[in-house]
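1. sequence and predicted structure are below.
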Amino acid sequence: MPQVMDADRVSRALTRISHEILERNRGTGELALVGIRTRGVPLADPSITARLGDAPRPGTPARITPEQVCRIMALACEAPGESGRPISQWSTTELAAEIKQRGIVEAISPRHAARLLKRGISGRT
């Protein structure tokens, strides 16, 4: 019989499925796994349960607060001329410079300013 997935790919797939289960159920609070035998191998095997218990970690704390994101979005909605900028539309470089000049945050890259505007606020809240 040909091998469809090796052990490493099966492990990665189980981890991905486990994280989807966590996201859709908003944690493990009301989650129940039922073992179904499929040719002698239980579907809800201990490795899935272990993966569910290892929830993704948030990483470093956010450096920009939701209030600061709101101020950045409000700034982006203003015309650049109101801030004394000789441009008609904000570029990410000009926007990042104005964010720092107004003291909304101490440091921000143009790329991060663009990400904040695109996403609104980090999905890690």
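-> On my side now, so go ahead.
2. please count neighbours and contacts with C-alpha atoms only from this point.
-> Fine.
3. show me where the protein dips below the pLDDT cut-off.
-> Applying pLDDT under 70 to the chain picks out residues 1-3, 26-58, 120-125.
4. what's the domain layout of it?
-> 7-53, 66-119 (automatic domain parsing).
5. out of those domains, deepest packed?
-> domain 66-119 (a mean of 15; mean count of other CA atoms under 10 Å).
6. endpoint to endpoint, that domain covers what distance?
-> From its first residue to its last, domain 66-119 covers 12 Å (CA to CA, to the nearest Å).
7. in the protein, which spans are strands?
-> Secondary structure of the chain by DSSP state E: the strands cover 37-38, 41-42.
8. and the top helix by length along the chain, what does it pack against?
-> Looking across the chain with DSSP state H, the single longest helix is helix 7-25. Contacts defined by 3 or more CA pairs under 8 Å, 6 or more residues apart in numbering; DSSP states H and E place helix 7-25 against helix 46-53.
9. re the thing from before, CA-only coordinates of the longest helix of the chain in CSV, if you can.
-> Extracted C-alpha coordinates of helix 7-25, given in CSV (Å, rounded to 0.1, in the frame of the first residue of the first chain):
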residue,chain,number,x,y,z
ALA,A,7,4.5,10.7,10.3
ASP,A,8,5.7,14.3,10.3
ARG,A,9,3.0,15.5,7.9
VAL,A,10,0.3,13.6,9.9
SER,A,11,1.6,15.4,13.1
ARG,A,12,1.5,18.8,11.4
ALA,A,13,-2.0,18.1,10.1
LEU,A,14,-3.2,17.1,13.5
THR,A,15,-1.7,20.2,15.1
ARG,A,16,-3.4,22.4,12.4
ILE,A,17,-6.8,20.7,13.0
SER,A,18,-6.4,21.0,16.8
HIS,A,19,-5.8,24.8,16.5
GLU,A,20,-8.9,25.1,14.2
ILE,A,21,-10.9,23.3,16.9
LEU,A,22,-9.6,25.6,19.5
GLU,A,23,-10.4,28.7,17.5
ARG,A,24,-13.9,27.7,16.5
ASN,A,25,-14.8,26.6,20.1
